[in-house]
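Undergrad: With the sequence up front, the predicted model follows.
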Amino acid sequence: METMKRDFLSLQDLTQEEILALLKRTYQLKRDKTKMRDYLRGKSIGLLFQKPSNRTRVSFEVGISQLGGNCLYLGPEEINLGVRESTADVAKTLSRYLDAIVARTFHHQDVVDLARYATIPVINGLSDMYHPCQSLTDMFSIEEKLGTTQGVVLGYVGDGNNNVCHSLMIGCAKTGISTQIATPKGYEPDPKVVRQAKSLAQETGAFIHLTRSPKDAVAGADVIYSDVWVSMGQEKQAPKRLKDFKGFQINGRLVQGAKDKFIFMHCLPAHRGQEVTADVIDGEHSIVFDQAENRLHVQKAVLTFLIEKSRQSGERGGGS
């Protein structure tokens, strides 16, 4: 059977059926950590990171190890994409050594270019536009805690023009979760992503509502979601951002508008006292550390899925 090699750059790369299959595989891998433990035996996966990481690096390294593979970390000091060497040359060279690449970059175009020139699967571990591994984890965590994604309402409060919100909108739309997104003026999600998400939502019966009111965003929500106001690389914007996001904090008073048994989610790292108060993120409704753990299981499912597709196509990296 001949197919092209598969990449995972955003959730648009997966059909709804594939997402559901990945969630099912994640359940199996989480229940039994020895399942598929030899799946990556003899294979090498490269982590090509332009920025530091806690959860992404550790969860991928541990996951690759649990699957029996070898992990190679390549930080910014080893490979400076497009500066020390062209992205095309990096992609072509690494394809001769590795069986897959996980890229964590500042610019989404770098991930796109890596995938374009690599003959092995490329996974977006985070870019400025999308964070698909996080969003797929969020879909799994919601289904795990609430029993379903269909008909769920998620209220997002904070910066809408970031990778987490963009991927959430796509992931939620594809799995039947409605989103209510509150942002200050000037921090709305990318219009292109909004159009894509609304089109997908029509197919699953979900809705997308953009508002300036945090109260409206959490009204009747099953899930409340927050992210940092100042992301990595935005430190110089901190004074302006802290001022602009005043009134968008998730706190005990705001969450009273949600469902009684709502769950609180945050991709971490979190800044208590800024986007969320300690009583919420450390309270009984919070699942942030279950969510963080699930990155491990979801990414193992993604790795095995992409390697499986590459086996079907006969594509091989140097580690095969």
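TA: Alright, I've got the coordinates.
Undergrad: going forward, measure contacts between C-alpha atoms and count neighbours the same way
TA: Fine.
Undergrad: For this protein, which segments are assigned as strands?
TA: 44-49, 70-74, 100-104, 122-126, 153-157, 178-182, 208-211, 223-226, 263-266 (DSSP state E).
Undergrad: can I get these in CSV with mean pLDDT, distance to residue 303 and mean neighbour count?
TA: Putting the strands of the chain into CSV (pLDDT from 0 to 100; distance: least, C-alpha to C-alpha, whole Å; neighbours: other C-alpha atoms under 10 Å) gives the following:
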stretch, mean pLDDT, distance to residue 303, mean neighbour count
strand 44-49, 97, 9, 23
strand 70-74, 97, 12, 16
strand 100-104, 98, 8, 26
strand 122-126, 98, 8, 27
strand 153-157, 98, 27, 28
strand 178-182, 98, 28, 26
strand 208-211, 98, 30, 16
strand 223-226, 98, 26, 25
strand 263-266, 98, 24, 24
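Undergrad: mind giving me CSV with the ones you listed and columns for distance to residue 145?
TA: Output for the strands of the chain, formatted as CSV (distance: least, C-alpha to C-alpha, whole Å):
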stretch, distance to residue 145
strand 44-49, 30
strand 70-74, 31
strand 100-104, 28
strand 122-126, 24
strand 153-157, 13
strand 178-182, 17
strand 208-211, 22
strand 223-226, 10
strand 263-266, 8
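Undergrad: Out of those, which gets nearest to residue 246?
TA: Among those, the nearest to residue 246 by C-alpha to C-alpha is strand 153-157 (11.6 Å).
Undergrad: Out of the strands of the chain, which gets nearest to residue 307?
TA: It is, among the strands of the chain and with distance given as C-alpha to C-alpha, strand 100-104, at 7.8 Å.
Undergrad: ok, now which ones touch residue 165?
TA: Neighbouring residues of residue 165 by C-alpha atoms under 8 Å, 6 or more residues apart in numbering: 156, 159, 189.
Undergrad: Please tell me how far it sits from residue 98.
TA: 31 Å (C-alpha to C-alpha, to the nearest Å).
Undergrad: same deal with residue 166?
TA: Distance from residue 166 to residue 98, by C-alpha to C-alpha: 30 Å.
Undergrad: For this protein, which residues score under the pLDDT cut-off?
TA: Applying pLDDT under 70 to the chain picks out residues 1-3, 312-320.
Undergrad: quick one, what contacts the residue minimising distance to the centre of it?
TA: Closest to where the C-alpha atoms of the chain average out (C-alpha atoms, centre = their mean) is residue 134, at 2.2 Å. For residue 134, the contact set (C-alpha under 8 Å, 6+ apart) comprises 164, 267, 295.
Undergrad: give me that answer again for 10 Å
TA: Contact analysis of residue 134 by C-alpha atoms under 10 Å, 6 or more residues apart in numbering lists 56, 125-126, 140, 163-164, 167-168, 171, 267, 291-292, 294-295, 298-299.
Undergrad: same question, residue 10
TA: Going by C-alpha under 10 Å, 6+ apart, the list of residues near residue 10 reads 123-127, 129-133, 135-136, 166-167, 170-171.
Undergrad: filter these to the buried ones?
TA: For the contacts of residue 10, a neighbour count by 16 or more other C-alpha atoms under 10 Å gives the buried set as 123-127, 129-133, 135-136, 166-167, 170-171.
Undergrad: how does the protein divide into domains?
TA: 11-130+295-313, 134-292 (automatic domain parsing).
Undergrad: and the ones you listed as TSV, adding distance to residue 5?
TA: Shown next, in TSV, are those (distance: least, C-alpha to C-alpha, whole Å):
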stretch	distance to residue 5
domain 11-130+295-313	5
domain 134-292	20
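Undergrad: what's the burial count for residue 18?
TA: Counted by other C-alpha atoms under 10 Å, the residues lying close to residue 18 total 12.
Undergrad: no no, residue 202
TA: 14.
Undergrad: Settle this for me: it is touching residue 175, isn't it.
TA: No. Counting by C-alpha atoms under 10 Å, residue 202 does not reach residue 175; the two are 11.3 Å apart.
Undergrad: all helices of the stretch 201-320 of the chain, in order?
TA: 214-218, 238-244, 278-281, 288-313 (DSSP state H, counting those that start in this stretch).
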